[in-house]
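Colleague: Requesting a structural model of the entry that follows:
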Amino acid sequence: MEQGLSSQSRLILTGLGALLVSAVVLSAAGIYLGSVSEVLELIPGLMVLLPSIIHIRGSIAGVFASRLSSSMHLGEFSIDFEEGSVLGDNIRASFVITILIAFVIGIFSYVGSRIFESPVIAVTDLVLISVVTGIVAGAVVMGITLLIALASYRYGLDLDMIGAPTVTTSGDLVTLPILVLSATSIMFLPPWIRLVLGGVAIVFGLAAILYTWNRSVRIGAIVRENVFLLIPLSVIGTLAGLTYSLNLEALVTIAAFLILIPPFTGGLGSIGGILGSRLSTGMHTGELSPSFLPERGVVHHFIISYLYTLILLPLLALIAHGAAVLMGLNSPGLGMLVAISLAAGLVVMTLVNGVAYATASLSFRYGLDPDNFGIPVITSLIDLIGAAALVTMIGLLLQ
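Modeller: Got it, this is the predicted structure:
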């Protein structure tokens, strides 16, 4: 009994440690976002693209880590990069998914901006920015994820507890500056060069499809399951971006909120990722059953998610307020920032607990791999409801 409690405490503290590290790193991403607010205003449509391209990047890497974690628990993992191995096939599939989804996100961001009459640059420019960012950031984040997975395997750590927060944090931290650098570099090019490069991006997308078509069954299955899920989730991310874009003036005016956005959504995404990974592993190993109502073991994971939320969000608000003050930017005050982030965060986490369990149990019940569904669904949902909850709480509590 005591050994079981010790093991549970170790797991909880491992997850909390990873979340606290990610909180600091994500806050750095938020501070960077606050410092480039002028770029967001000068390149119309970039704020619409931002949530999708950042968090889908983290989702792809998170799913990669979650699949590797399950293979470790099941004894199927080995350090083998050849095609046909668990590790090799997952790396290849994840890179193909990155290219395809980046192309789709660019299209959706343009169409969404036009529908909601939000200012936006040309569709070829937006797609090019999305694909370049996706490929460069994808390579970096995939390398980070691989190192974490190999270290977990070598030292006997639970990848479920450190994989999701670390890779989703890496996705936020790495993708944001790459997105801004790619956007500013591309928009400085002559229009005809941007058009040619846009055509190259389309060729990359077609090549990715052909590659998948002619490769192993496992690669094709991973790509199909993820792409068919991530395409509709990209719509959710686009709506989140539009939510921020339509309120961009207010966010830029009180820049502490702009600083808070990446750590708020990223931190909750990391908590949700831990939850999704634990539920997925529990169902793979038979410790949890996909019943209609959550059993006691599942409720235990829900409680841990709330505990993480109550610890993490006040810290994020404190960092955002301090950064705003040091940078000479506007803040609504520490108390108000904590109240807004906690109120919005608890609403988001309540919904995420339900969706995480429903996603894991339904996918497992119908013969699909919950590793492919949990993290993408959770992080994309957090993008949208996190944006809506944050903007709503700002409006309600600042009146």
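Colleague: After the helix or strand of the chain with the lowest mean pLDDT, which helix or strand is next?
Modeller: When the helices and strands of the chain are scored by mean pLDDT, DSSP states H and E, helix 2-35 comes last with a mean of 71. Scanning forward in sequence from helix 2-35 by DSSP states H and E, the next helix or strand is helix 37-42.
Colleague: Please identify the buried residues of stretch 275-290?
Modeller: 275-284, 288, 290 (16 or more other C-beta atoms under 10 Å). (Each C-beta comes from the backbone N, C-alpha and C, glycine too.)
Colleague: actually stretch 16-33, not the one I wrote
Modeller: Within stretch 16-33, the residues that qualify as buried are 16, 18-20, 22-23, 25-33, counting by 16+ other C-beta under 10 Å.
Colleague: okay if I get the buried residues of stretch 275-290 as JSON lines plus secondary structure?
Modeller: Conversion of these to JSON lines gives the following (DSSP: H, G, I helix; E, B strand; the rest coil):
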{"residue": "275", "secondary structure": "helix"}
{"residue": "276", "secondary structure": "helix"}
{"residue": "277", "secondary structure": "helix"}
{"residue": "278", "secondary structure": "helix"}
{"residue": "279", "secondary structure": "helix"}
{"residue": "280", "secondary structure": "helix"}
{"residue": "281", "secondary structure": "helix"}
{"residue": "282", "secondary structure": "helix"}
{"residue": "283", "secondary structure": "helix"}
{"residue": "284", "secondary structure": "helix"}
{"residue": "288", "secondary structure": "coil"}
{"residue": "290", "secondary structure": "coil"}
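Colleague: List just the nearest of these to residue 146.
Modeller: residue 277 (16.7 Å; C-beta to C-beta).
Colleague: That closest one against residue 66, yeah?
Modeller: Yes. Using C-beta atoms under 8 Å as the test, residue 277 is close enough to residue 66 to be in contact (4.9 Å).
Colleague: so residue 329, which of the three states?
Modeller: Residue 329 - assigned by three-state DSSP - is coil.
Colleague: List the residues that contact the nearest residue to it once chain neighbours are set aside.
Modeller: Spatially, and ignoring its direct neighbours in sequence, residue 329 is nearest to residue 255 (3.8 Å; C-beta to C-beta, 6 or more residues apart in numbering). Residues near residue 255 by C-beta atoms under 8 Å, 6 or more residues apart in numbering: 34, 37, 324, 327, 329-331.
Colleague: okay, residue 255: pLDDT?
Modeller: Per-residue confidence (pLDDT) for residue 255: 80.
Colleague: for the one 3 residues further on, same thing?
Modeller: The per-residue pLDDT reported for residue 258 equals 84.
Colleague: For it, what is the enclosing helix or strand?
Modeller: helix 255-285.
Colleague: What are the buried residues along stretch 231-250?
Modeller: Neighbour-count burial for stretch 231-250 [16+ other C-beta under 10 Å]: 233-245, 247-248.
Colleague: and of those, the nearest to residue 224?
Modeller: The closest of these to residue 224 turns out to be residue 233 (C-beta to C-beta; 14.8 Å).
Colleague: how far away is the closest one from residue 145?
Modeller: Counting by C-beta to C-beta, to the nearest Å, the gap from residue 233 to residue 145 is 19 Å.
Colleague: and the residue nearest the centre of the chain, what does it touch?
Modeller: By C-alpha atoms, centre = their mean, the chain has its centre lying nearest to residue 55, at 3.0 Å. Applying C-beta under 8 Å, 6+ apart, we find residue 55 in contact with 168, 171-172, 237, 265-266, 269, 379-380, 382-383.
Colleague: one more time with 10 Å
Modeller: Applying C-beta atoms under 10 Å, 6 or more residues apart in numbering, one finds that residue 55 lies in contact with 62, 168, 171-172, 175, 233-234, 236-237, 240, 262, 265-266, 269, 376, 379-380, 382-383, 386.
Colleague: Check residue 128 too.
Modeller: 103, 106, 121-122, 182-183, 186-187, 189, 194-202.
Colleague: let's go with 8 Å and repeat that
Modeller: Residue 128 touches 106, 186, 194, 197-198, 201, counting by C-beta under 8 Å, 6+ apart.
Colleague: just for the stretch 51-200 of the chain, where's the confidence low?
Modeller: Low-confidence segments of the stretch 51-200 of the chain, defined by pLDDT under 70: 58, 70, 73, 75-84, 156-165, 168-169.
Colleague: Quick one: the strands in the stretch 201-350 of the chain, in order.
Modeller: In the stretch 201-350 of the chain, no segments count as strands under DSSP state E, counting those that start in this stretch.
Colleague: the helices in it, which residues?
Modeller: Assigned helices in the stretch 201-350 of the chain, in chain order: 217-246, 248-253, 255-285, 296-327, 334-365 (criterion: DSSP state H, counting those that start in this stretch).
Colleague: any chance of the ones you listed in a markdown table, plus distance to residue 91?
Modeller: Listed next are the helices of the stretch 201-350 of the chain as a markdown table, based on distance: least, C-beta to C-beta, whole Å:
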| stretch | distance to residue 91 |
| --- | --- |
| helix 217-246 | 10 |
| helix 248-253 | 37 |
| helix 255-285 | 19 |
| helix 296-327 | 29 |
| helix 334-365 | 22 |
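Colleague: Of all those, which one is nearest residue 151?
Modeller: The nearest among those, by C-beta to C-beta, is helix 255-285 at 16.5 Å.
Colleague: relative to helix 217-246, how tilted is that closest one?
Modeller: Put simply, helix 255-285 runs at 160 degrees to helix 217-246, going by axes from the mean of the first three to the mean of the last three C-alpha atoms, to 10 degrees.
Colleague: Could you tell me the angle between helix 255-285 and helix 2-35?
Modeller: When the same axes, to 10 degrees is applied, the directions of helix 255-285 and helix 2-35 differ by 150 degrees.
Colleague: quick one: which of the contacts of residue 255 is nearest residue 310?
Modeller: Nearest to residue 310 among these, with distances taken as C-beta to C-beta, is residue 331, at 21.8 Å.
Colleague: Wait, residue 23 touches residue 312, no?
Modeller: Yes. Assessed by C-beta under 8 Å, residue 23 is found in contact with residue 312 at 5.7 Å.
Colleague: anything in contact with each of those two?
Modeller: Residues touching both residue 23 and residue 312 (C-beta under 8 Å, 6+ apart): residue 267.
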